[in-house]
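> I need the structure of the sequence given here:
(one chain, ligands or ions: 1)
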Amino acid sequence: MIWNPEMETMPRRELHALQLRRLQQTVRRVYDHVSFMRGRLDETGVRPDRVKTLDDLRRLPFTRKSDFRDTYPFGLLAVPVSQLVRIHASSGTTGKPTVVGYTSSDLRVWAEVCARCLASSGAQPGDVFQNAYGYGLFTGGLGMHYGAELMGLVVVPVSGGNTERQILLLQDFGAKIIACTPSYALTLAEALEARDIHPGSLPLRYGVLGAEPWTEAMRDEIERRLGITAVNIYGLSEVIGPGVSNECIEEQNGAHIFEDHFLPEVINPQTEEPVPFGEIGELVFTTLTKEALPVIRYRTGDLASLDPAPCRCGRTFVRMSRIMGRTDDMLIIRGVNVYPTQVEAALLRVAELSPHYQLVVTRPRTLDELDVSIEVNDSFAKALGGSFTGEEEAVQELTIRCQQKLLGVLGITARVILVPPGKLPRSEGGKLRRVVDQRKL
Ligand code: DLL
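Model (predicted):
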């Protein structure tokens, strides 16, 4: 179902008029209330009254993650802290977290876009919804929670982790829809299999999965093993949290961006020029309705493309592709650009492998080396007859096949290390870190 047909199916021309009005208000708001950004805008010479068309967006300065760090914790707010009703923060891997604040109007907008996500993922009012995104400072749990309440779902606020309890609740409360990271969906699938619980015996039908990169191959795997239809949800704290875009179950082919609230661009990260539809570049968002933390041209670091083609679901909002990588998680190995998702896409199609893998990059002397550890699946392991030393002929043969496959996809030689099932780290409820870069650069 479409949660807000008036907005989500609005003719593009009307949408553009709405976006322009909201963009003008946002720039005005930022200029008047965020002194850091007023300085930026003054430097580029773009006063709010110079924004006359949507194309004028391109003349506005970018906002970057470092601007959050440089103004930590509250320097980008357009309201006094006392007017906030909520603060979230995303844990950076390095240094201080990124802090974001919401007014009550912001929370209403957030609930609205998350309700849209759930509806486009297959939920109907009255359905039981198991919310397995982490509650707390992470935006995933509470963001989805209020969206679900707004749309009239029966929320089970279990949060991430505690797999034993997740399964008990899936069985006893009978959720029809679940939200979690794709890596955690796999953890749940494995846990069900380990207990001989057939997914067909559960009412579970839909998954709203995101917050970390995943591939089509991973979707197939999750859908098959959990017996659900899985769609991709995308978002980031700096823009709002979950709810920036979501796929529809009708096409499962790109996530509709809620363009009445978030204005997308895709740029070449080096030249900063816009790239045409269909071409991959860095996603940039300008918020159109946020009060506490309006952001202008926020550089997400996420690489994706946009698709303006009409969609069977009837939504007129543009679609974004999966995130193909990040400007900063791209590994440069012996000069070649490698994205972890390329490895996932290549290896998950190999029948003998499981979707559990890890990349380790080292530089023992002067040359970079990439080790890809990946688990073989149960039936392959069983066929080996209980032992797994890595010396078995079948293992050697499979290793070579995988290495050739990676060479074909990446253009570099990676060392493939096959390991028995259950050896590699699993998601314990949140995002899973699949890349370990041990080079001291
Ligand atoms: O991960 C918000 C979220 C929660 C999205 C629940 C979806 C579901 P952050 O912790 O700020 O916010 O991390 C944002 O995660 O810039 C992407 O790099 C990555 N990311 C989020 N969704 C996806 C996705 C939340 N569907 C960062 N595919 C973003 C790939 C994603 N990467």
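
> Hmm, Tyr102 is touching Ala292, no?
Yes - with contacts counted by Cβ atoms under 8 Å, Tyr102 reaches Ala292, the gap being 5.5 Å. (Each C-beta comes from the backbone N, C-alpha and C, glycine too.)

> okay, and the common contacts of those two?
Leu84 (Cβ atoms under 8 Å, 6 or more residues apart in numbering).

> For the stretch 201-350 of the chain, which residues are neighbours of the ligand?
Residues of the stretch 201-350 of the chain found near the ligand (Cβ under 6 Å from any ligand atom) are 210-213, 232-237, 241-242, 300, 302, 323, 326.

> Name the surrounding residues that touch the longest helix seen in the chain.
In terms of residue count, the longest helix belonging to the chain (DSSP state H) is helix 12-33. For helix 12-33, contacts defined as Cβ under 8 Å, 6+ apart pick out 10, 37-38, 41, 46-48, 51, 53-54, 57, 60, 78-79, 259-260, 263, 286-291, 294, 296, 316.

> taking the residues you listed one by one, which sit in helices?
Those of these mapping onto helices are 37-38, 41, per DSSP H.

> Reformat these as CSV; add pLDDT.
Listed next are those as CSV, based on pLDDT from 0 to 100:
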residue, pLDDT
Met37, 97
Arg38, 97
Leu41, 96
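
> Go through those residues and name the one nearest Arg349.
Met37 (46.0 Å; Cβ to Cβ).

> The stretch 101-250 of the chain: helices as residue ranges?
Along the stretch 101-250 of the chain, the segments classed as helices by DSSP state H, counting those that start in this stretch run 104-120, 139-150, 163-173, 182-194, 216-226.

> Tell me which of those sits nearest to Ile280.
helix 216-226 (15.5 Å).

> Tell me which residue of the stretch 1-150 of the chain lies closest to the ligand.
The stretch 1-150 of the chain approaches the ligand most closely through Gly140 (3.4 Å), counting by Cβ to the nearest ligand atom.

> In this structure that residue contacts Pro242, no?
Yes - using Cβ under 8 Å, Gly140 is in contact with Pro242, at 5.6 Å.

> intersection of neighbour lists for those two?
133, 211.

> from the residues of the stretch 201-350 of the chain next to the ligand, which ones fall inside strands?
Counted as lying in strands by DSSP state E, out of these, are 210, 232-236, 241-242, 300, 302, 326.

> Let's have the residues you listed in JSON lines, adding pLDDT.
Formatted as JSON lines, those follow (pLDDT from 0 to 100):
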{"residue": "Gly210", "pLDDT": "96"}
{"residue": "Asn232", "pLDDT": "98"}
{"residue": "Ile233", "pLDDT": "98"}
{"residue": "Tyr234", "pLDDT": "98"}
{"residue": "Gly235", "pLDDT": "98"}
{"residue": "Leu236", "pLDDT": "97"}
{"residue": "Gly241", "pLDDT": "97"}
{"residue": "Pro242", "pLDDT": "98"}
{"residue": "Thr300", "pLDDT": "97"}
{"residue": "Asp302", "pLDDT": "96"}
{"residue": "Arg326", "pLDDT": "87"}
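
> Quick check: Thr187 vs the ligand, distance?
As judged by Cβ to the nearest ligand atom, to the nearest Å, Thr187 and the ligand stand 16 Å apart.

> ok, that residue to Val419 distance?
17 Å (Cβ to Cβ, to the nearest Å).

> neighbour count winner among these two?
Thr187 (22 against 19; other Cβ atoms under 10 Å).

> in the stretch 251-400 of the chain, which spans are strands?
255-257, 262-267, 281-287, 298-304, 306-307, 319-320, 325-326, 331-333, 336-338, 353-362, 369-376 (DSSP state E, counting those that start in this stretch).
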